[in-house]
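> When you get a sec, could you give me coordinates for this:
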Amino acid sequence: MLLAPVAVFAWSCLVPPDPSPSDDGDLESLTVEPPRDSVFRPEEDQQERRAPEVAVGGRLPGAFPEDFPLPDGSTVFDFGEVRQDGEADEPAAVEFVSLRLPLGAPAARDWLLREAQAAGWRASLGDVMTFRRSDRWLRVAIEPGGTAGSSAARFEYPRP
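As a prediction, this is how the structure comes out:
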């Protein structure tokens with residue numbers, strides 16, 4: 001029984017007394033706003049802005065008529081100057097651009113005829129189609145592509 005009073009005495013020595021009440025006037029207070037991401041505001045949300053999709057893969061030469069329609073998904077694979085026999089020293093007055101079209105040859109031909117005429121180009125038909133609009137012209141030769149549902153078209157036009 002002697003252990004009980006010794007244990008109470010030891011316990012009272014180990015437990016610190018209640019702290020004295022602090023003076024609130026000694027502490028600085030700082031107002032903290034909630035974090036920016038704690039409240040969702042759709043009008044402040046940053047939206048991704050993507051560039052518009054390009055209808056033609058690759059870059060068309062600068063002299064290509066801007067108002068001539070091309071099927072979406074066409075891809076530039078060649079371009080350059082058209083040289084006539086015997087005119088190697090003279091600068092070429094005609095340029096060409098070759099495109100892969102995502103349409104078979106007959107469908108590409110029909111599409112070009114329909115869309116070019118809707119855009120104001122007059123067409124002359126043959127193995128090589130010629131389109132005219134005011135004093136401008138464009139010759140187009142279409143061949144079947146390497147895969148089904150594709151074709152290759154060569155566009156020739158005057159260089160300004």
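
> what about the residue lying closest to Phe96 once chain neighbours are set aside, how many residues close to it?
Nearest residue to Phe96 in three dimensions, chain neighbours excluded: Glu156, at 4.7 Å (C-beta to C-beta, 6 or more residues apart in numbering). (Each C-beta comes from the backbone N, C-alpha and C, glycine too.) Counted by other C-beta atoms under 10 Å, the residues lying close to Glu156 total 16.

> which helices and strands does the helix or strand hosting Glu156 pack with?
Following DSSP states H and E, one finds Glu156 within strand 151-158. Strand 151-158 is packed against strand 94-101, helix 105-118, strand 136-144, with contacts defined by 3 or more C-beta pairs under 8 Å, 6 or more residues apart in numbering; DSSP states H and E.

> Strand partners (parallel or antiparallel) of the helix or strand that comes right after the second one?
With elements assigned by DSSP H and E, the helix or strand that comes after helix 105-118 is strand 122-124. Looking at strand 122-124 with DSSP bridges, its partner strands are strand 129-133 (antiparallel).

> what does the partner strand rub up against?
Applying C-beta atoms under 8 Å, 6 or more residues apart in numbering, the set of residues contacting strand 129-133 from outside is 65, 67-68, 109, 112-113, 116, 120-124, 137-142.
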